[in-house]
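In: Here is my input, please return the structure:
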Amino acid sequence: MNDLSFPTSSHIDFRQLARGLGTVVNYASGDVIFRENDHPNCAYIVLTGKVEVSIRGKVIEQVIEGKTFGIISLIDRKPRSATAKAVENSEVVLLDSRQFRFMIETTPNFVWYVLGEVVDRLRATNSAL
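Out: Down below sits the predicted model:
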């Protein structure tokens, strides 16, 4: 049996590429980035700082530099299932659906990065339940 070694989200850093493609926004500590049930219009990559993701007031995860959030709602176009809030001053890249799709289709390993992030989010949510 061959050991398939898939790149994981912890081994890949797309911050510079995302910075050049998306829109960079600065959030102050305490700023809400989106709320549960908001319409999804982009995915996010944390360049600097930290973002807290919560569901019905329960913290699910803290997203650190180089990690993403908001991907699932952008993919399935359903309302946000969580609230995201900066817990320290943060610089975040916003990728709209067109930019996100462009990165998926043209950037080697970006799909593995996204898949790893989705799996990490699923595991974090399961652990929090």
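In: As a check, name the ranges of all helices in this structure.
Out: For the chain, the helices defined by DSSP state H cover 15-21, 71-76, 97-106, 110-128.
In: right, and these - which one's nearest Gly57?
Out: With distances scored as Cβ to Cβ, the stretch of these nearest to Gly57 is helix 110-128 (11.7 Å). To be clear about C-beta, it is placed using only N, CA and C from the backbone, and glycine gets the same treatment.
In: The closest one: which residues count as buried?
Out: By neighbour count, and taking 16 or more other Cβ atoms under 10 Å as the criterion, the buried residues in helix 110-128 are 110, 113-114, 116-117, 120-121.
In: ok, back up a step: the helices of the chain: which one's closest to Arg56?
Out: Between those, helix 110-128 lies closest to Arg56; by Cβ to Cβ that is 10.8 Å.
In: Could you pull up the mean pLDDT of that closest one?
Out: Confidence over helix 110-128, taken as the mean pLDDT, stands at 81.
In: Counting by contacts, list what it packs against.
Out: Helix 110-128 sits against strand 58-63, strand 68-69, helix 71-76, helix 97-106, with contacts defined as 3 or more Cβ pairs under 8 Å, 6 or more residues apart in numbering; DSSP states H and E.
In: quick one: strands adjacent to the first one?
Out: By that I understand strand 58-63. The pairing partners recorded for strand 58-63 under DSSP bridges are strand 51-55 (antiparallel).
In: Skipping adjacent residues, who's closest to Arg80 in space?
Out: For Arg80, ignoring the flanking residues on the chain, the nearest one in space by Cβ to Cβ, 6 or more residues apart in numbering is Asp38 at 4.6 Å.
In: burial of the one you found, as a residue count?
Out: A total of 16 residues lie near Asp38 under the criterion other Cβ atoms under 10 Å.
In: right, and it touches Ala82 too?
Out: No. Contact between Asp38 and Ala82 fails when scored by Cβ atoms under 8 Å: they sit 9.8 Å apart.
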